[in-house]
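> Mind looking at a prediction? Sequence and model below.
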Amino acid sequence: MTTPVSPPVSPSPATLHYGDGEFAVLRPGAYVTCAVSGVPIPLPALRYWSVDRQEAYASPLEFMAAARDA
């Protein structure tokens with residue numbers, strides 16, 4: 001039996017649409033960039049984002065900083 005092979009993930013950034021509790025991948029990639037710190041966030045590790053601003057954040061600290069500056 002042959003195991004299906006997944007296509008390789010691009011080492012480039014992904015483009016996402018951030019929704020309530022989920023995101024949709026518009027352009028495949030390996031990561032998104034934190035809107036506050038500029039740190040790359042691997043998609044499996046992405047937990048924080050703003051639906052209104054359509055931005056990703058590396059941690060709750062960056063999320064709170066962005067909310068404070070808005």
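It's in.
> From here on, just use CA atoms for contacts and neighbour counts.
Noted.
> Tell me which helix or strand residue 17 sits in.
Assessed by DSSP states H and E, residue 17 sits inside strand 15-18.
> what does that strand contact?
23-29, 32, 49-51, 54-55 (Cα atoms under 8 Å, 6 or more residues apart in numbering).
> which parts of it are buried?
By neighbour count on 16 or more other Cα atoms under 10 Å, the buried set for strand 15-18 is 15, 16, 18.
> Now do the following helix or strand past it: distance to the chain's middle.
Using DSSP H and E, the helix or strand that follows strand 15-18 towards the C-terminus is strand 23-27. Centroid displacement of strand 23-27 relative to its chain, using Cα atoms, centre = their mean, to the nearest Å, is 9 Å.
> same check, this time on stretch 15-32
6 Å.
> got the buried residues for that stretch?
Result for stretch 15-32 [16+ other Cα under 10 Å]: buried residues 15, 16, 18, 28, 29, 30, 31, 32.
> Need the max-distance pair from the residues you listed.
Largest separation among the buried residues of stretch 15-32 by Cα to Cα: 18 and 30, giving 16.1 Å.
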